Each structure stands twice: as structure tokens, then as C-alpha cells.
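Asks: No letters, just coordinates:
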């Protein structure tokens, strides 16, 4: 697969390793098992016994070690074999590959490329997932689609009215694609697709969040940071209030390829208001989860069609494809450089959002 | 696949498109979606959005148009794109392939070959499905078998006693294969396999139909018209009555390849007596449906064995294979001509049955 | 597959053909159907009608013959066609391949190689399955694993403590791999792997069998006779008694490849004591069956991993692999000779066990 290898990918939410839990997950085509040492260190090992290939996750955890369920060989968090029953000498090859794993912003980040290039400073700043000024609703979807098609879908601001008719798209929203989207490349792997919808009727979900039933200004910015992070910056505020006071949601879409046709989708909807309202946290979770269920149905169908036709999509490019296509080109260029230049290391932009809200709408309205 | 391309195939029963129904069906390996326009026109389109390959049938019908469920693009019954949300210019490539579709004898006929060669006069006359002098019991079976093996089975008059032991084959019938079958080629794609069974015990089903419990004369003519139509002409009458008064069934077997290993089987049992007896229509439906269920089991098993052995059947030709093999040769010759001669167009025989009943039996009995 | 072709393999337990039963089973990749003639002869035919490939086992038995369920062709126990409905001449090719099948020691042995080389004197002596001085608990497991990996597992005396933790491995047993195993090649295809465990605590199952709760001497000898027979000779006796009086179990593992990834596993645990204790026979059956269920889980997982990684196991050889690897080498050498030398015929050792118990343990204890 044309995945960028030397990059950090999200492997799990940090709390998945709470207690003595062992998490097995295929990442970029490789079976990985993760656990947290009792001293707090976290570890990711290839989930395969070097002897007869048994998944270590099918054995059991003994203290801070993993024991193979076939012949009892034990491996520590570095992948070294500490016990081979029936023999004292342990062959040097009887060890397990380990992967750099770093905890940051409530997430575990894994580096599947060259181990000596793993530099935790290259982890992008997506602090909204775990930050005192934001409250997150988090979830996970297993999506049966090629990673790239999942990113296409997130960068495409034109499908809401049909795919999400029952959740975030409604009556008024039918015309969403008619609001222009401005696409800008912000860096080597960073792209923004921005749309403003001034003075529209608030869909019920937003009306509930704002506790306001009149007209609102609304913006959406779909952000992609190659290779694997998307973020949707959503802003809403009543037309008679200041944009700086907007309710903002930063929706993190953290996509990690599982295989050529399946993708791990870790997500979080972080909001900047009503931070301690647990009921709202749940309501957002439900709404977002249902929205992504709708995407999953469409994506699985598209994947199945792409395989059936052996054809790339889009077959004919429409305007909604502008951001997806430009996003792909950035990633393809990075993969090409990585493949051709052994010394190349991709340094993603660390700051990916606009901290101040877009003001064009208020100005536009002022000029009306 | 070696399918004859320039030919009409049955795509559906006409009433499947009643109301605003949309029917999606794979035909000759291609996904097709069919609907009837409110002005009565019928249309068959490739069931694939030209944008991102989504099946149009997975979206919804809006008036007389199909709307893709992903980005809301709409297509009319000719396959032209009438709406692309978010843009006014519609690229010329954003259209869907359409196929000629004709309604005749209560059936919808599709032409998957070169569109400019579709000529509705080439549709064979199988009027019995919908004709004032005949009453039909109709059904559909999805059969997991190569189209060709399904035709083999229909042209083979030797398997009743074993496959259909519980339906149309019984005690007396054990000796059916001992009655000789006469195979005659009637045209470029037309073949008849005819058998007469004078003076035999009526099996219960026929006794019920005739309301007669004594001995009968019985004939069977298996007809094949390349590439996709079989018809079994069944005649029965009490030995002391005139053959011209026989109860006749014309069993239509309309086979359309779905894929290399699956076949659509539309069927109708049309009878020439007791035309308004709805109870009989139902009883015939039940009996025929059960009989074809029995065939489906055998055919699926045969298909599975053919795939497993990678071998063609029959491996050794028996007498029951005469009509199947001659039928195949006609079709193979047609496919060869179509492949080799770009100007060739197959003109099937339009009349496929013998309108007068075979009299040999009565004559033979007279001579006894 | 690299199976030894000219060899006897177990096809069934003899009683599977009791009455008019017909057994269909794929053996070494070939579909076979077996039955017992009313005169006592047993027959194995290829389970495929020569006409249209239908499995004969999907038809029915008529007297001592098999009748195809499609056109009623009948075949006798030699595979000759005795009836072809609708014709008197039977083509010479309309016959079914038969395989030599011999009943011995309560088992049916099949020869899938060159028919003229089948010599019943080459069937190994595994009399324990059916012998007045032994009582057997018998069973069958269908194992989803390559034949060779199943043999590896049987010759590997190191996995009990982890795989069989709930059955034959317990507390004391944790250290089993620390008792040395001595591997000896006894013949062209015969290998013994022997371990003695003097003066250990009796695991509950053995305590129950011996009706003795103190310490015991215990031995295990894993025997492999290429290509398809393994036998575990298990001996236990209280430390204060004579080894000649030991309770011995001869566990027969009769493995026949079904396909490249699945194996028939016929097994019998024959014991030399408490011969008429039916309750013990049942208890042994339960314990062994559960033990092999545990193996089946591990083996299926290993097979799946081997396919996924496209890699041979072991990837790194451990001490527990000594006997499995030497066993493989014997079989590989036999297959190589069979492939390269058309005149070669493998003559397996007929006697595979040591009739006297190993005395080293008692001597060792005397020397303590």
C-alpha cells in the first residue's frame, strides 16, 4: 500500500490500556499488541510469537509480560524473550519487534516506519481532545473502506444533504452545496476547505446546542493534515452576536489504515462551551456516532463498487471533489518523496486550526 | 463469458415496475436499474453513478428521476444528468449508460449489445405468457448455476424420475427414459426434442388437471431457441379422446445470465384449458415452483462440482445429452459468428411451437 | 501437496459402515464414498458420477449399488456402471475409480496411490485399537490445519502446560518441559521422543485412574511412523511399585490429510488395565476429547497465521521442535524418494512400540 511509513498514527485512545488491559489491533497491515507496564511505560509489540507465529494476544498477560499460549514463551515490553520453558539458552532471534508508542493528548501514537527516525516532536498538536478549555465526546468506528476514500469523504463538504438527511442535514440544508467552498493549501501536508453560511435557519441540533431558535451564522472548515488527521472546525452563533463568542466544535477524525480495505476511525467532537454539561456530551456522542454510521454505510458501498469495477473514483470530477483531490495530491507527493529519497523526513505542520473565527460573514452581513 | 451479446434477454416481468417501483438486477454481468416513467416509457440504466460508482438504486427515486444517495446527482430515464448540486455546469461525462428496453407479452426485454442494432422485431413470439387463450402461472427462481448448465437441464428429458421423484415423476414414470426422444433442428437457433408416451397411467397431478383417473396419452416437446429461451410443450388427453382436444401446457423458461455462475430464471406455465380457474392457477404455481426448487438443488451441486474439478460436463456423453449438446452447438456457432463477423446479426425464429398436436401416438394406438 | 502417495491411510473406523451406511469423505484431496456390500466386501469409490460429476453420495444406495441422483445411473462396489436409464449400451468410460480398502484393527485403510502396489502387509501393526488385552476410548476430530502441523503438535512434548492447562496439565506440570526428552530414530520412518518424570505428584486424572493419591513415576513416549501415524505411549505407576505393573495408555493419533489445510484426526486411547470398566472408558473419552479440542483451537490459529504470513514454522527452532523437525525430515526424504524413484516403495516398520516399560526411572530412584 502507498501509506506514508515514517509518520505517527493514532493506535488507540490512552484509556484503552487502563488496568492490565491488552489491546490487539492491526495497524498499517501489521498485527500489533499494546499494553501499559506497571511502571507506566507503554509498549507496542508485533502480535506474533517468533516461534510458531501465534498471536501473543491469544495467550495471556503475566505481570508485565506477554506469555504465548502454545509453549509458554514470555516477552517483556521491549519484545525481549525472558523465558523459554525447557531451555536456558534463548536464541537471539527469539524476540519480538517493538514499535515506538507515545501518549499525547489522550491518545497513543505509533510509529511503524524506521525506528531510529521516530521523533515525538513530530506529533501534531491536536490538544482539543484533552484540554481544560474543551470537552470531548469520543468514539470509534471500524470502517470497511480504503483509508483514502475515508479521507475523501471527510474533505468533501457536499454530501451532508443526502447521506446525513436524518442527522445534521435538514430542509434548509438542501442548499448547502450552493454555498461556495474555498480550498487553500496551508503547508506541505495541510489543507483547509472553508465554507460560510450567513444568516440561515438553525438546524434543530444546533438550535438545541445554542438554546436559540432564530437565525444563525455558521461556518465549516474541513482540515486535513497528511497523512492521517482530519479536523472539522464548526462554528455557529446567533446573527445578532459576536463571532468571537461562537460555539465552536473541533471534530477530530483520526484515521489509521488497518488494511488496504479497512480503516480505524477514532474520533472526538470537542466543544468550547457548556464544558461540564454531561448530558450535552452524551447527546453530541449520540448525534456524531449516528452521523458516522451513515458515512460508514456509504463508504462500504463505495469500496465494494471500487473493487467490483476495478476503477478509481471519482471517475468524473465534480466540484465537491476539489478538496479531496488536492488532499490526495499532497499525500501522494509525500509518499513519492519518502519512496525516492531515503533521507527525507516529513515534518507536518503542528498547528492546524485558525484560532480566531472567520469574520467574513459578519462583515458580509454588515454590508448587506 | 461467451454470451451472445446482440440479442434480447428477459430482464423482468412487466408488472415488476408497477407504481413507482425501481428494480435493480445484474444482467449479463452488468448492474442495471429499471423504472417506468410516469408517461409510460420504460428505462434501463446502468446502476452506477458516473461520479463515485454508487448504485443509483441505493439512492432514491425523485419523480421520474433517480437521485444518487451520496451527492444528490439526478439522472433522467435517458441517463442524462439533470442536477449536480453545487454546480451549474454539468460535465458531459456525467451521464449514465442506458439500454434498450421493450415490453412485449407481459415481459421486459433488454438489449445489452450494440445499441444501434436493437430491433424490437427480433423479439421471439412467446405470446402464451399473456394471451386471452392461455392462462399463466408465473414465477422466478434465482439459480446458482452457469446459464448453459441450466439450459442443458431443460433440454434433457431424462432426469425427471430421479430429480422430480416427489413432484412430476412417480412409479410409472420410472421408465420415462425408455421412451425414445427425437431431436430435430428447426432453425439456426431452434431445436425440438420430442417424446411420446402413449397409453400410460396418469400421474396424480395430470389426473387432477384432467379430472380423469384412467390411462392417458402424453407428449413432451422440449424447445430451445438460442440464446435464452426454452419452452416445454406438454400435452395430455385420455386415450379415448381426440388429441386435438388435449390439455396443453406451454412452460416458458426464460433464462438470463446474471454472472458466470448464476442465472435469472423467469418462468410461466401457460395452459389452454380451465382458463378462469384461479385455484388451478395456484395449484400449478405450487407444483412448478417445487419442481424448479428440485432442479435448483441439483444445478447448484453440479455447478459446485464443475468448479471444483475445473472440468466441463458431460465428461462422458449419454443419450440424455443429445438435445443439450446439440443446443449448445447452435449457441456456440452463433457466438462464434458474432465474434468473428462484425456485420452478423442473429435473427431468431419467431414462431417456436407446433400449433397442431403430434398425432403419432393416436395413430400408433390405432395400429396396435 | 507433498503427501506420500503409496501408503495406507486410515479412511474410517470400521463400524462407520455398519448396516447400509454410506460414508462420504474427502481424503488426500479426493472425494471418496465408502460402503459395505451385503456379502461383507468393503468398497471405496471416487464420489463422483462420471457423467455430470454429481457426488454419488448425494444420490442414494439401492441394494449394494450407488445410484446417481440426477439421471439414475447405478454403480456397483467395483465402480462399474450397471444401469444407464434410457440406453442399453454403457460406454466404457462410464465407470467410477475405485480404491483398495482394507479392514484391520477395527479401522478401514485406504490406498490412494498406484493401485497395483497396494499390499495389505504394509499396514502397520496398531493392534491396540482392537485387541483383547486393551480397551479403547475412540473419537474423531476434524482439524482445520495442515496435516504436517498436526504431526508437529503430537511430536512436541512441550506444550501441555499451556494448551492443556485445564485437562492434563496442572500445577506440578508447569515444569514438564524441564524434564529432558530423548529423541531416537528407530527406522526409515519411525521416531521416538521419550521423557521420564520420576517421583512426581500425580495429576488428578492419573490419580483417579490409578486410584492412588501419592507420588508416581511417569513416562511419555511420542512415536511417529511416517507418513500418518502417531502414538503416545503413556506409563504411570506408584513409586513404590514395579514398572512392569504400570498402567499404560497407548494413544493412537491416526491423521489423514483431507486438503492442504484440513486433516482428519481419528484417535483411540487404549489402556491395559481396568479393561471392562465402561465408566472409565467414558471418562477417558471425555478427557481426551476435551484435550484434543484444545489442540484444535491452537492448530487452527497456527494454520491461519502461517497462511497470513506465508511463512513456514518454526521461524526460530526451540528445543521442543527437535522431534517435530526430525519427523518432518524423515517424511520429506520418503516423499523425495517416491517422487524421484518410480520403483521405490516405502516399507514402514510394523512394530512401533517398546513392549517392556522403560526402567531408567526406577534405577535412577534406586541410585538416589
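Replies: Received it, and whenever you're ready, just let me know what you need. Keep in mind the model is a prediction, meaning the values are calculated, not measured.
Asks: Could you tell me which residues of the stretch 51-200 of chain A lie near chain C?
Replies: Residues of the stretch 51-200 of chain A that fall close to chain C, judged by CB under 8 Å from any CB of the partner chain: A:51-55, A:58-59, A:67-73, A:84-87, A:91, A:93-94. Heads up, the C-betas are built off the backbone N, CA and C, glycines and all.
Asks: Among these, name the ones in strands.
Replies: Among these, DSSP state E puts residue A:67 in strands.
Asks: Mind checking which of the residues of the stretch 51-200 of chain A next to chain C are buried?
Replies: In those, burial by neighbour count holds for A:51-55, A:58-59, A:67-73, A:84-86, A:94, counting by 16 or more other CB atoms under 10 Å in any protein chain shown.
Asks: Residue of the stretch 51-200 of chain A nearest chain C, please.
Replies: Of all residues in the stretch 51-200 of chain A, residue A:86 sits closest to chain C, at 3.0 Å by CB to the nearest CB.
Asks: What's the local residue count around the closest residue to that residue other than its chain neighbours?
Replies: Spatially, and ignoring its direct neighbours in sequence, residue A:86 is nearest to residue C:177 (3.0 Å; CB to CB, 6 or more residues apart in numbering or on different chains). By other CB atoms under 10 Å in any protein chain shown, the residues close to residue C:177 number 24.
Asks: what's the answer for residue A:298, then?
Replies: With other CB under 10 Å as criterion, residue A:298 counts 21.
Asks: Secondary structure of residue A:333: a strand, I assume?
Replies: No - assigned with DSSP: H, G, I helix; E, B strand; the rest coil, residue A:333 falls outside any strand and is helix.
Asks: Next up, the contacts around it.
Replies: Applying CB atoms under 8 Å, 6 or more residues apart in numbering or on different chains to residue A:333 gives no contacts.
Asks: ok, it to chain B distance?
Replies: 23 Å (CB to the nearest CB, to the nearest Å).
Asks: That residue and residue C:96: what is the separation?
Replies: 64 Å (CB to CB, to the nearest Å).
Asks: Residue A:19 too?
Replies: 62 Å.
Asks: okay, these two: which has more neighbours?
Replies: More crowded of residue A:19 and residue C:96, by other CB under 10 Å: residue C:96, with 21 against 6.
Asks: where's the more buried one relative to chain A, distance?
Replies: Distance, residue C:96 to chain A, by CB to the nearest CB: 40 Å.
Asks: Was I right to think residue A:75 contacts residue A:96?
Replies: Yes - the criterion here is CB atoms under 8 Å, and residue A:75 meets it with residue A:96 at 5.1 Å.
Asks: Which neighbours do these two have in common?
Replies: A:45, A:56, A:81.
Asks: What count of nearby residues applies to the closest residue to residue A:288 other than its chain neighbours?
Replies: Leaving aside its sequence neighbours, residue A:288 sits nearest to residue A:269 (CB to CB, 6+ apart; 5.0 Å). Around residue A:269 there are 25 other residues, counting by other CB under 10 Å.
Asks: Make sure residue A:269 is indeed in a helix.
Replies: No - counting by three-state DSSP, residue A:269 is located in no helix; its state is strand.
Asks: Need the per-residue pLDDT for it.
Replies: pLDDT recorded at residue A:269 is 97.
Asks: Please apply the same query to the one 3 residues further on.
Replies: The predicted local distance difference test score for residue A:272 is 96.
Asks: likewise the one 10 residues further on?
Replies: With respect to pLDDT, residue A:282 scores 96.
Asks: mind listing what it touches?
Replies: Residue A:282 makes contact with residue A:137 under the criterion CB under 8 Å, 6+ apart.
Asks: quick revisit: make JSON lines from the shared contacts of residue A:75 and residue A:96 and add distance to residue C:142 to it.
Replies: Below are those laid out as JSON lines (distance: CB to CB, whole Å):
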{"residue": "A:45", "distance to residue C:142": "33"}
{"residue": "A:56", "distance to residue C:142": "27"}
{"residue": "A:81", "distance to residue C:142": "34"}
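Asks: Most neighbours among those residues, which one is it?
Replies: For the shared contacts of residue A:75 and residue A:96, the largest number of neighbours (other CB under 10 Å) sits with residue A:56, at 28 neighbours.
Asks: before we move on, back to that, any chance of the shared contacts of residue A:75 and residue A:96 in JSON lines, with distance to residue C:26 and pLDDT too?
Replies: What follows is the shared contacts of residue A:75 and residue A:96, written out as JSON lines (distance: CB to CB, whole Å; pLDDT from 0 to 100):
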{"residue": "A:45", "distance to residue C:26": "39", "pLDDT": "98"}
{"residue": "A:56", "distance to residue C:26": "34", "pLDDT": "98"}
{"residue": "A:81", "distance to residue C:26": "40", "pLDDT": "98"}
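Asks: Does residue A:48 belong to a helix, a strand or coil?
Replies: coil.
Asks: correct me, but it touches residue A:57?
Replies: No - contact criterion CB under 8 Å: residue A:48 and residue A:57 do not qualify, at 9.6 Å.
Asks: Compare neighbour counts for those two and give me the winner.
Replies: residue A:48 (24 against 21).
Asks: and the more buried one, what does it touch?
Replies: Residue A:48 touches A:31, A:54, A:55, A:56, A:96, C:305, C:309, counting by CB under 8 Å, 6+ apart.
Asks: Would you mind measuring from residue A:25 to residue A:263?
Replies: 12 Å.
Asks: quick one, which of these two is more surrounded?
Replies: Between residue A:25 and residue A:263, counted using other CB under 10 Å, residue A:263 has the larger neighbour count: 25 against 19.
Asks: and that one, what element?
Replies: Assigning secondary structure by DSSP states H and E places residue A:263 in strand A:262-271.
Asks: so how far is whichever helix or strand comes after that strand from its chain's centroid?
Replies: Remark: after strand A:262-271, the chain's next helix or strand is helix A:278-309, criterion DSSP H and E. Relative to the centre of its chain, helix A:278-309 is centred 13 Å away, using CA atoms, centre = their mean, to the nearest Å.
Asks: what does stretch A:344-351 give?
Replies: Worked out by CA atoms, centre = their mean, stretch A:344-351 lies 17 Å from the chain centre.
Asks: how long is that stretch end to end?
Replies: Across stretch A:344-351, the terminal residues are separated by 21 Å (CA to CA, to the nearest Å).
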